[in-house]
Structure formats: structure tokens, C-alpha cells
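Engineer: give me a model of this one.
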Amino acid sequence: WSSCVKNKRCILRSHLDYIHPTMKSSISFTLGFAAVGSTSAFNLPSLDTVFKPPASSVKASFLPKDEAELIETISFTRNGKNADLNTQARVLSIVRRMETSAPPSLSLLSDPEEAKILDGDWYLQYTQPSEIDAVTDTDDKWVVVEASEGESRIETRQFNARGSVSAGGIRVDTSGNSVAKQSFDISKSRVQNEVKTGIGRVTVGGSFRQSSTVPLRAIAAVDFGKIETKLGVALDISGLFAIRALLKGSKESGWLETTYISENLRIGRGNKGSLFVLTRDRDAVTP
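Structural biologist: Have a look, this model is predicted:
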């Protein structure tokens, strides 16, 4: 979610989402107006995603042991779309080890100095559900707290995100070679998501605030959207988010909880039951 991006080598995670329907690939772009109490949905046309970044090898040698193991495990999974149950279970095991052994400071979002590690650009490398049937041990399971965020009425319907993301009512398949970018501007309390597709660049952004009940949770209110086509035509879709906010009764559409963060890697959990892995280095993971 991004127009206020800062190019710092710091860090991100969550939540957020993009857009895309299909010409060849599959990126469905759906603005879910069917939030609490509504059954209607507003569908935007599909976008083709064929952007291919250069291939890269796993760059995990400089990372701490757990980070290196996670990077290696999620490589060659097409952002999680090709991850089988064994791979997903292994990812959950590594992630829980990292989350419990090195949790972020609870003042990450409230202390400007601590928040610098979150500031700047992050690249979405992997997505999957936060829970899978293959993992039956619930003793150390991550548990969401007040997912709907009270009057914000955040949608909590589970989204089976494997190689795709959905935030602010926008859904995009990220299993191709195009790496989605998420940018935090801490000084302006803004977050933006950006993805390149076969027809152009899609950007969605908005403001965020710290949750009053979960200190590590950033609640986003999407208010900006733009599609820049390769033909030089720009389409402003910000009005769609304003309409959705009126129908829902709240501008806030989702949240991302940062459960692990370092200079190189960030792990987040989203309001629709998804787990995200992001890195500072765009080419840290081989698709």
C-alpha cells in the first residue's frame, strides 16, 4: 500500500493485498463490499500478470540460522502456491520458533526509533494459511486476539492464501515471478502495496494506526488506488474504496500483525488467517 515510500534498508509484513484477474494467469481483482451485513460484491476486470524478474539463488548464508532455514524452505514454491502440506507444516514450525524465541518489542509501532526497522520497502516472498490440518499440535499455536477490532468491523472470514493475498477487499495472485512490494512510511503513518502485472503497475495504499488491544497490529484504512498501464493511461480507483467504506460503515478494512522482525526479514499474520514472509532484499528468495 504505497505512495509514500521510503527507500531505506529497514523492514515490513502484512498485510495487505493487491489485484488481478486473468488473460493468461490468474489474478482476481475483487473489491469485497460484502463486509459485515452485506452480500453484494463489486468486481473489477482482470489483469494479466506476466512480469518476470531475473532468476536468483537463495541468499541465506548471511542470515541467522532460523531465517536462513525459512528462506531455504520457501524458495521454489512460487510464493507458497506450490508448497505442499509438508512444506507448509515445516514453515509453520520454523515461524513459531522464531515468533516465540524473538518476538518484536511491544512498542514497535508506538516508538518512532523502534519503528525505523519497519520503515521502508519490503518484498512479499511467501503466503500460506496460518493454520493447516496437517498441524494438530495446538499447545504452541499462534492465537488471534479480537480479530474484528470492535467497531472497525474488520472482515475475518478465512482466506486460503497460498501464493496470493487479499487486503482492503483487493485480491491478487502473487505466485508468478512479479514480487509484490509493501512500503511503510512511519512518519506519515502510511502503508502501500505495489505489484507489476502484464498490463502495468497496480498500487493500493492508505493510512494505518496501532491497535488499542494488540500493540503489534497495524490497522489499515485503504483510501488510494491506481492502475498505471503500459500504454501510459492511469486509472484512479480511489473512489471505489470510498464507496466500500460507506457501505461497510468504516474506512478500516484489514490489519497486519508483525510477529517477527529483523533487519532482513519480517513475518506477519493477517486478519483473514494468512501468514506472510517478507524480506528487505527483493531477490532473497528464488521463486
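Engineer: show me where this protein has strands.
Structural biologist: Shown for the chain, the strands assigned by DSSP state E span residues 30-31, 42-43, 120-129, 164-167, 170-173, 181-185, 190-197, 200-210, 217-229, 234-236, 254-261, 265-270, 274-279.
Engineer: can you add distance to Leu109, mean neighbour count and mean pLDDT and give the ones you listed back as JSON lines?
Structural biologist: In short, each C-beta sits where N, CA and C put it, glycine included. What follows is the strands of the chain, written out as JSON lines (distance: least, Cβ to Cβ, whole Å; neighbours: other Cβ atoms under 10 Å; pLDDT from 0 to 100):
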{"stretch": "strand 30-31", "distance to Leu109": "27", "mean neighbour count": "20", "mean pLDDT": "32"}
{"stretch": "strand 42-43", "distance to Leu109": "31", "mean neighbour count": "13", "mean pLDDT": "40"}
{"stretch": "strand 120-129", "distance to Leu109": "15", "mean neighbour count": "25", "mean pLDDT": "95"}
{"stretch": "strand 164-167", "distance to Leu109": "17", "mean neighbour count": "28", "mean pLDDT": "50"}
{"stretch": "strand 170-173", "distance to Leu109": "23", "mean neighbour count": "27", "mean pLDDT": "55"}
{"stretch": "strand 181-185", "distance to Leu109": "10", "mean neighbour count": "25", "mean pLDDT": "96"}
{"stretch": "strand 190-197", "distance to Leu109": "11", "mean neighbour count": "26", "mean pLDDT": "90"}
{"stretch": "strand 200-210", "distance to Leu109": "4", "mean neighbour count": "23", "mean pLDDT": "92"}
{"stretch": "strand 217-229", "distance to Leu109": "6", "mean neighbour count": "22", "mean pLDDT": "93"}
{"stretch": "strand 234-236", "distance to Leu109": "29", "mean neighbour count": "11", "mean pLDDT": "93"}
{"stretch": "strand 254-261", "distance to Leu109": "8", "mean neighbour count": "26", "mean pLDDT": "94"}
{"stretch": "strand 265-270", "distance to Leu109": "12", "mean neighbour count": "27", "mean pLDDT": "96"}
{"stretch": "strand 274-279", "distance to Leu109": "16", "mean neighbour count": "27", "mean pLDDT": "95"}
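Engineer: Glu146 is nearest to which of those strands?
Structural biologist: strand 217-229 (9.2 Å; Cβ to Cβ).
Engineer: and the closest one, which strands flank it?
Structural biologist: Here strand 217-229 has these sheet partners by DSSP bridges: strand 200-210 (antiparallel), strand 234-236 (antiparallel), strand 254-261 (antiparallel).
Engineer: among the ones you listed, which comes closest to Pro112?
Structural biologist: Closest to Pro112 of the strands paired with strand 217-229 is strand 200-210 (Cβ to Cβ; 12.2 Å).
Engineer: angle of the closest one against strand 190-197?
Structural biologist: Angle, strand 200-210 to strand 190-197, by axes from the mean of the first three to the mean of the last three Cα atoms, to 10 degrees: 160 degrees.
Engineer: mind starting the numbering at 4 from now?
Structural biologist: All set: I'll call the first residue 4, so the last point we hit is now strand 203-213.
Engineer: TSV for the strands paired with strand 220-232, including distance to Thr76?
Structural biologist: What follows is the strands paired with strand 220-232, written out as TSV (distance: least, Cβ to Cβ, whole Å):
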stretch	distance to Thr76
strand 203-213	29
strand 237-239	38
strand 257-264	15
